[in-house]
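K.L.:
coords please:
(one chain, ligands or ions: 2)
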Amino acid sequence: MLSLKQVSVTFNAGTPNEVRALRNVSLSVSEGDFVTVIGANGAGKSTLFNVVAGTVGVDDGIIMLSGDNITDLAEYQRSRYIGRVFQNPSLGTCPGLTIRENLSLAAMRGKMPGLRRDLKKSQEDWFVEQLKTVNLGLENRLDTDVALLSGGQRQAITLIMATLMKPKLLLLDEHTAALDPNAADKVIGLTIQLAEENKLTVIMITHSMQQACLVGNRVVMMNQGKILFEIAGTEREELRPTDLIERFRSLNTGAELADRTLLS
Ligand SMILES: Nc1ncnc2c1ncn2[C@@H]1O[C@H](COP(=O)(O)OP(=O)(O)O)[C@@H](O)[C@H]1O
Ligand SMILES: [Mg+2]
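P.N.:
Ligands and ions are numbered 1, 2, ... in the order given. Next comes the predicted model:
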């Protein structure tokens, strides 16, 4: 459903600050895949998301989504098909609006079937049901301003909103990295649940080897603008965090990340 063919991105080309953020990256993601992406800081992970979402243009290469060549589509044209959740919990929800208002806006933008006009009640029931499953005490706080919520609570609402948009593709960029371990676990649980229930295709960047191994069906490892390896199928099913850390260590450049994530 998503394919990148030989995609390259260079920042500040021809200057002393030139960075080759993506070097001939090719990646193919199938409908329903849940891909985790790992790699040290600066590996090019976020740039990969930025070219898919249209935030950054490519120097070379082609990006296809559901059979359409989207390489030259503007970001706003792609945003109908692509949901994104970032590391910073304050980016996904609108402060000054309540949980109910945020969710209603997302439902309207996503044009949820049967959830307009007189069906407000079933819409609200659905919101409450989703909020209950996260187990963060949100279901009784529909009229609370999201600015007053914790990071984990805001990420949970951001995820539910991103799903309401019915995206073809959901891009999660270290969306639990700023959360405490307990909230991170809950948000990951919600991520898995929403992906399954809505049969979403998901790519999730993570700094956690645990998440990379336990969530999803494929792992992609990036380094210095390239995809170094991919693990899928039975190899992925049997993969343990220690195996990944070993592979990182053998790369040398990954030692720093491996050490950091051992602690998380
Ligand atoms: N807008 C930009 N302008 C200049 N350099 C950038 C920009 N975005 C990313 N980079 C550089 O590109 C490289 C890859 O960055 P990024 O994709 O953010 O890495 P990651 O998400 O894996 O940490 C880094 O060296 C980063 O400094
Ligand atoms: Mg990044």
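
K.L.:
In the stretch 51-200 of the chain, where is pLDDT below threshold?
P.N.:
110-121 (pLDDT under 70).

K.L.:
mind listing the strands for it?
P.N.:
If DSSP state E, counting those that start in this stretch is used as the criterion, the strands of the stretch 51-200 of the chain fall at 60-65, 68-69, 82-85, 169-173.

K.L.:
closest to ligand 2 out of the ones you listed?
P.N.:
Ranking those by distance to ligand 2, with Cβ to the ion as the measure, places strand 169-173 first at 6.0 Å. (C-beta placed from N, C-alpha, C; glycine too.)

K.L.:
what sits up against the closest one?
P.N.:
Applying Cβ atoms under 8 Å, 6 or more residues apart in numbering, the set of residues contacting strand 169-173 from outside is 1-2, 29, 45-46, 49, 52-53, 65, 81-87, 162-163, 191, 195, 200-205.

K.L.:
Direction included, what does that strand pair up with?
P.N.:
The sheet places strand 169-173 alongside strand 82-85 (parallel), strand 201-205 (parallel), with pairing taken from DSSP bridges.

K.L.:
Can you measure across stretch 58-68, start residue to end residue?
P.N.:
With Cα to Cα, to the nearest Å as the measure, stretch 58-68 spans 16 Å from end to end.

K.L.:
OK, now which residue of the stretch 1-150 of the chain is nearest to ligand 2?
P.N.:
In the stretch 1-150 of the chain, the residue found nearest to ligand 2 is residue 46; the distance is 3.2 Å by Cβ to the ion.

K.L.:
Can you report how many residues neighbour the closest residue to that residue other than its chain neighbours?
P.N.:
Of all residues beyond its chain neighbours, the one nearest residue 46 is residue 173 (5.8 Å), with distances taken as Cβ to Cβ, 6 or more residues apart in numbering. Taking other Cβ atoms under 10 Å as the criterion, the count of residues near residue 173 is 21.
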